[in-house]
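K.L.:
Build me a model from this:
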Amino acid sequence: MEVIRMPLTDQVLPVPNIRTRTFFIVRECLDDTALRNALTRLIRDHWRKLGARIFSSGKSGLLEYRLPRTFADSYELFVWSSAEYDHSIDKVLSPLKPRDQGVTFMPSMTEVEGWFCPSSWARHMSETSSDSPMLHVHLSHFSNATVLALNVPHVLGDQLGTANLMKAWLGLVEGREPPPMAGYDEDILPGQKPYADVIDRKESRKGKLHIRRPLEYAFVILPFMPEFLFRKEVQHIVFFPLPLIQSLREKHARILAETHKDFTRISDGDILTAILTKFHRMHDKKIRTISLSQTVNLRGRVSRLSGPDSDGYIHNALHFASARFRIGSSTSLGEIAWRNRQAIDEALQESEIEAGLTVARELVRRGQNMHICEPFERSYSIISWCTAWRDSGEPKTPRRYATTIMTKSDEGYWCDFSASEKAMKLIHEYLAKDPLLERF
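P.N.:
Numbering: from 1, shown residues only. Okay, here's the model as predicted:
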């Protein structure tokens with residue numbers, strides 16, 4: 001039996017309990033047998049770690065991979081299922097057609113997953129046993145398309161890692177050999193020095209990822225409790241047309257250039273983050289201090305993930321940018337976008353990457369989670385996977401304080417958005433008056 005210690009950066013709470021579900025809509029009728037054989041070859045002959053099981057390592061509770069030195073013929077490498085439908089996929093996808101202009105609200109991601117994922121699939125790791133395969137695959141065959149759904153533990157990797165897994169797998173179908181698996185039995189991310197050697201205890205990391213004092217987190221979550229308890233949550237996939245986002249970016253970039261001497265740039269992503277943040281706060285008229293955090297992927301930004309190794313790396317390479325500022329209903333999209341851009345630029349400095357990953361590892365050792373928020377303040381988080389999927393939260397946890405920008409197409413951005421029932425009603429009322437967000 002081979003035992004591989006899982007890097008601490010893959011184990012920051014709540015990641016160990018999350019299983020990520022990704023599906024791919026292909027306008028072709030794919031061959032079940034060819035796909036299954038290629039995945040078998042990928043695991044048996046190349047990326048053996050994909051066939052491992054995840055176990056807790058004794059008293060420490062830290063996770064590790066366990067896999068046999070040789071896979072027996074009877075060893076279950078993955079869970080595979082499929083279903084056949086005698087109609088076109090267009091019959092299913094019609095509710096996901098965006099409007100020509102303005103923001104479009106569609107069915108929730110939970111509802112869409114139900115179209116393509118088996119109801120028996122685990123949504124979090126606590127629902128699976130340690131001897132269960134990590135990879136679950138389901139194919140939905142329609143008369144004119146195939147939907148490939150993949151369910152994997154988040155500790156195994158992020159969405160850019162899933163993209164690399166798919167490239168390696170489908171490459172074998174087409175006869176291409178995959179690259180060597182990077183980080184197979186080693187931690188290749190920065191931030192591995194002792195915590196005390198990197199983090200100055202006298203230096204405040206307020207508004208950033210940091211270690212909490214005992215009982216501090218109770219005062220972080222206390223202001224959120226009334227909304228959790230008394231306000232129902234509503235979920236939608238929300239589509240933002242690309243021309244709308246680009247026009248707002250250009251407009252607010254001009255204003256920021258006139259009002260901020262240090263202004264450099266804002267991206268479409270910054271504007272989208274600002275819109276989602278204001279949507280989230282539609283029901284709250286008070287001025288609050290908020291920590292607006294965003295995941296930043298380190299592929300192409302650290303030495304071991306800037307060359308050939310990057311294509312063979314499937315594990316998490318996540319870092320966190322965070323802006324802490326005062327926000328109210330009159331705060332402009334441009335100001336929020338500029339705060340977000342400054343936070344991302346700071347987070348990508350080498351010293352902050354080192355510090356952030358060092359803190360992340362220490363959080364795992366102390367059993368603390370990654371929630372970036374100060375006591376009695378507010379928080380909002382954006383997770384973007386656009387770089388993974390051009391053309392995830394833990395179930396039973398309120399999702400209204402985090403939004404996933406799932407993908408970007410030539411038409412625009414698709415987001416998994418949740419808000420309180422009151423906020424969602426106010427959003428719809430506002431869009432009826434200002435569909436292009438010209439006065440937002």
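K.L.:
going forward, measure contacts between C-alpha atoms and count neighbours the same way
P.N.:
OK.
K.L.:
To what extent is Met6 buried, counted in neighbours?
P.N.:
Other residues lying near Met6 total 23 when counted by other Cα atoms under 10 Å.
K.L.:
what's it in contact with, if anything?
P.N.:
Shown in contact with Met6 (Cα atoms under 8 Å, 6 or more residues apart in numbering): 62-65.
K.L.:
and if you look at Val147?
P.N.:
23-26, 116, 139-141.
K.L.:
same thing with Asp10?
P.N.:
Here Asp10 is in contact with 16, 154-157, 315-316 (Cα under 8 Å, 6+ apart).
K.L.:
Does anything pack onto the helix or strand harbouring Trp414? Which helices or strands?
P.N.:
Element membership of Trp414, judged by DSSP states H and E, is strand 412-420. Where contact means 3 or more Cα pairs under 8 Å, 6 or more residues apart in numbering; DSSP states H and E, strand 412-420 is packed against strand 233-241, helix 242-259, strand 402-408.
K.L.:
Show me how far it is from its chain's centre.
P.N.:
Offset of strand 412-420 from its chain centre (Cα atoms, centre = their mean, to the nearest Å): 13 Å.
K.L.:
Specify the angle between it and strand 233-241 in degrees.
P.N.:
Comparing the axes of strand 412-420 and strand 233-241 via axes from the mean of the first three to the mean of the last three Cα atoms, to 10 degrees yields an angle of 160 degrees.
K.L.:
that older thread, out of the contacts of Met6, which sit inside strands?
P.N.:
63-65 (DSSP state E).
K.L.:
What is the nearest of the residues you listed to Thr146?
P.N.:
Distance to Thr146, by Cα to Cα, is smallest for Tyr65 among the ones in strands among the contacts of Met6, at 32.0 Å.
K.L.:
Show the contacting residues for that closest one.
P.N.:
Applying Cα under 8 Å, 6+ apart to Tyr65 gives the contacts 3-6, 49, 52-55.
K.L.:
Pick out the most distant pair among the residues you listed.
P.N.:
Lys49 and Phe55 (13.5 Å).
K.L.:
Could you identify the helix or strand that succeeds the helix or strand containing Asn164?
P.N.:
If you go by DSSP H and E, Asn164 is part of helix 159-173. Per DSSP H and E, helix 159-173 leads on to helix 195-198 as the next helix or strand towards the C-terminus.
K.L.:
Now do the buried residues in the helix or strand that that following helix is followed by.
P.N.:
Next in sequence after helix 195-198, counting helices and strands by DSSP H and E, comes helix 216-221. Using 16 or more other Cα atoms under 10 Å as the test for burial, helix 216-221 gives 217, 220-221.
K.L.:
where's Arg326 relative to Ile290, distance?
P.N.:
As judged by Cα to Cα, to the nearest Å, Arg326 and Ile290 stand 6 Å apart.
K.L.:
repeat for Leu318
P.N.:
Going from Leu318 to Ile290 by Cα to Cα gives 21 Å.
K.L.:
Thr20 too?
P.N.:
According to Cα to Cα, Thr20 stands 27 Å off from Ile290.
K.L.:
what do you get for Ile353?
P.N.:
Taking Cα to Cα, one finds Ile353 at 22 Å from Ile290.
K.L.:
Met225 now?
P.N.:
Met225 is 16 Å from Ile290, by Cα to Cα.
K.L.:
Have a look at the two and say which one is more surrounded.
P.N.:
Summary of the neighbour comparison: Met225 and Ile290, criterion other Cα under 10 Å, with Ile290 having more neighbours (22 against 10).
K.L.:
Now for that one: which residues touch it?
P.N.:
Neighbouring residues of Ile290 by Cα under 8 Å, 6+ apart: 323-327, 373, 377-380.
K.L.:
Check for me that it belongs to a strand.
P.N.:
Yes: Ile290 sits within a strand when classified using DSSP: H, G, I helix; E, B strand; the rest coil.
K.L.:
Now do the contacts for the nearest residue to it once chain neighbours are set aside.
P.N.:
With sequence-adjacent residues excluded and distances taken as Cα to Cα, 6 or more residues apart in numbering, Ile290 is closest to Arg378, at 4.6 Å. Shown in contact with Arg378 (Cα under 8 Å, 6+ apart): 223-224, 288-291.
K.L.:
try 10 Å this time
P.N.:
Contacts of Arg378 were listed using Cα atoms under 10 Å, 6 or more residues apart in numbering, and they are 220-221, 223-224, 288-292, 324, 326-327, 372, 401.
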